[in-house]
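J.: one predicted model, sequence on top.
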Amino acid sequence: MSTTTKLTHDATAPVLNKAGAFTRPASSFRNVIEVGGQYAPEKGRYHLYVTYGCPWAGRTLIAWKLKGLEEIIDVTVLSSKSHTEGWAFKDIDDFPLVEHDPLFGAKRLSEIYFKAEPNYTGRYTVPLLWDKKTNTIVNNESSEIIRIFNTGFNSIIAADKAALDFYPANLREEIDALNEWVYDTVNNGVYKSGFAATQAAYEDAVTKLFASLDRLEKILEGKDYLVGNTLTEADVRLFTTIIRFDASYFTVFKCNIRTIRDGYPAIHSWVRKLYWNNPAFKDATQFDHIKTGYYSMPTLNPSGIVGVGMVPNILPL
Ligand SMILES: N[C@@H](CCC(=O)N[C@@H](CS)C(=O)NCC(=O)O)C(=O)O
């Protein structure tokens, strides 16, 4: 049986509830990497699949670079363009920076999911962290992959990188509390706004989104980081949504009450400092992928024409 006959859903169709609101299905693979565990830290054992369009994958790229894991874990980039059959490798979609699958020569990410679980019926999402040793998916949930990267490889990386902790014990409570509402109303809130199928669901999501941006603006006034005056995973998780905001969410997802650049000076300053001063944030950001990714969603923009704005994609400091 070919992999295409196994596809259980249209990958470009968002999951909606009866009220027409977007509901994000839970990720299916939720293992950890730890010394002495089933998945032990080893150089060259794990492989990360991402797209540059995806904010969840973007988190993992930032954490990967912050922790100096480039020599430990290889990364493969798929196209950010929407396809009914799911994310595609270079053979199918030769967009700049898109690569072939080095492990299996797969044409689509769905094939990797079926290798791990032949009867898989979930979504074919990025990011995906693969284990070459046991031939399976270790984890496909970005919030967990960034924690795996934060501590899971500390025993085999340089001491200065191992010492970096983006989820420090003394700030965990504050980080968790912030993550919770930022995830619901901002990271996922932009999707709820964009994919809403009723006016009421849209207005509910977009109102909560901008209320949370107002709250974040106050938190960031006069500050470079969200929690504890130090870079934490809370910044990583918010950055990938904010950096996409003016370029894609404002237009494609109708998050158009205000732009970040004109409406939120403190958030705008915070996002530009991270982007321009820290290569982990800049390198994970490819605006042509971000724009093409969202503008190619057929339910939202059937022509696929990519808007040229914002100009420039990000303002200088
Ligand atoms: N909870 C997941 C969400 C990942 C996710 O939804 N990724 C999107 C791209 S931005 C995806 O691959 N969607 C494809 C689909 O749902 O079919 C995470 O945070 O890792």
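T.: Okay, I see it.

J.: which parts of the stretch 1-150 of the chain sit against the ligand?
T.: 11, 27, 54, 56, 123-127, 141-143 (Cβ under 6 Å from any ligand atom). Using the backbone N, CA and C atoms, a C-beta is placed for each residue, glycine as well.

J.: ranking those residues by neighbours, who comes first?
T.: Using other Cβ atoms under 10 Å as the neighbour criterion, residue 142 leads these with 27 neighbours.

J.: and that residue, what's its pLDDT?
T.: Per-residue pLDDT puts residue 142 at 98.

J.: list the contacts for it?
T.: Residues in contact with residue 142 (Cβ atoms under 8 Å, 6 or more residues apart in numbering) are 56-57, 59-60, 127.

J.: closest to the ligand among those?
T.: residue 56 (3.5 Å; Cβ to the nearest ligand atom).

J.: does that closest one touch residue 240 like I think?
T.: Yes. Assessed by Cβ atoms under 8 Å, residue 56 is found in contact with residue 240 at 7.5 Å.

J.: burial count for residue 151?
T.: The number of residues near residue 151, taken as other Cβ under 10 Å, comes to 18.

J.: mind listing what's buried in the longest helix along the chain?
T.: Identified as the longest helix of the chain according to DSSP state H is helix 199-220. Buried residues in helix 199-220, counted by 16 or more other Cβ atoms under 10 Å: 201-202, 204-206, 208-210, 212-213, 216-217, 220.

J.: and stretch 68-80, by the same measure?
T.: Applying a neighbour-count criterion of 16+ other Cβ under 10 Å, one finds 68-69, 72-80 buried in stretch 68-80.

J.: now do stretch 257-272
T.: Applying 16+ other Cβ under 10 Å to stretch 257-272 flags 259-261, 263-264, 267-272 as buried.

J.: can you put the residues you listed in TSV and add pLDDT, secondary structure and distance to residue 22?
T.: Converted to TSV, the buried residues of stretch 257-272 look like this (pLDDT from 0 to 100; DSSP: H, G, I helix; E, B strand; the rest coil; distance: Cβ to Cβ, whole Å):
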residue	pLDDT	secondary structure	distance to residue 22
259	98	coil	22
260	98	helix	22
261	98	helix	26
263	98	helix	24
264	98	coil	24
267	98	helix	23
268	98	helix	27
269	98	helix	30
270	98	helix	27
271	98	helix	24
272	98	helix	29
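
J.: so which of those reach the ligand?
T.: Among the buried residues of stretch 257-272, no residue sits close to the ligand (Cβ under 6 Å from any ligand atom).

J.: ok so, going back, ok, then the element right after the longest helix of the chain?
T.: Once the chain leaves helix 199-220, the next helix or strand it forms, by DSSP states H and E, is helix 233-244.

J.: okay, the angle between that next one and helix 199-220?
T.: In terms of direction (axes from the mean of the first three to the mean of the last three Cα atoms, to 10 degrees), helix 233-244 departs from helix 199-220 by 120 degrees.

J.: ranges for the helices of the stretch 1-150 of the chain?
T.: Ranges of helices in the stretch 1-150 of the chain, per DSSP state H, counting those that start in this stretch, are 3-6, 55-66, 109-116, 142-151.

J.: please identify the most buried of those helices.
T.: The highest average neighbour count among those, using mean count of other Cβ atoms under 10 Å, belongs to helix 55-66 at a mean of 25.

J.: run the chain-centre distance for that helix.
T.: Here the centre of helix 55-66 is set off from its chain's centre by 7 Å, with Cα atoms, centre = their mean, to the nearest Å.

J.: for residue 298, give me its contacts.
T.: The contact partners of residue 298, taken as Cβ under 8 Å, 6+ apart, are 12, 82, 304.

J.: near the closest residue in space to the first one that isn't next to it in sequence, how many other residues are there?
T.: Among residues not flanking residue 12 along the chain, residue 82 sits closest, at 4.7 Å (Cβ to Cβ, 6 or more residues apart in numbering). When neighbours are defined as other Cβ under 10 Å, residue 82 has 23 of them.

J.: residue 82 against residue 14, yeah?
T.: No. At 10.9 Å, residue 82 does not count as touching residue 14 under the criterion of Cβ under 8 Å.

J.: domain ranges for the protein?
T.: Domain ranges of the chain: 46-163, 171-296, per the TED database.
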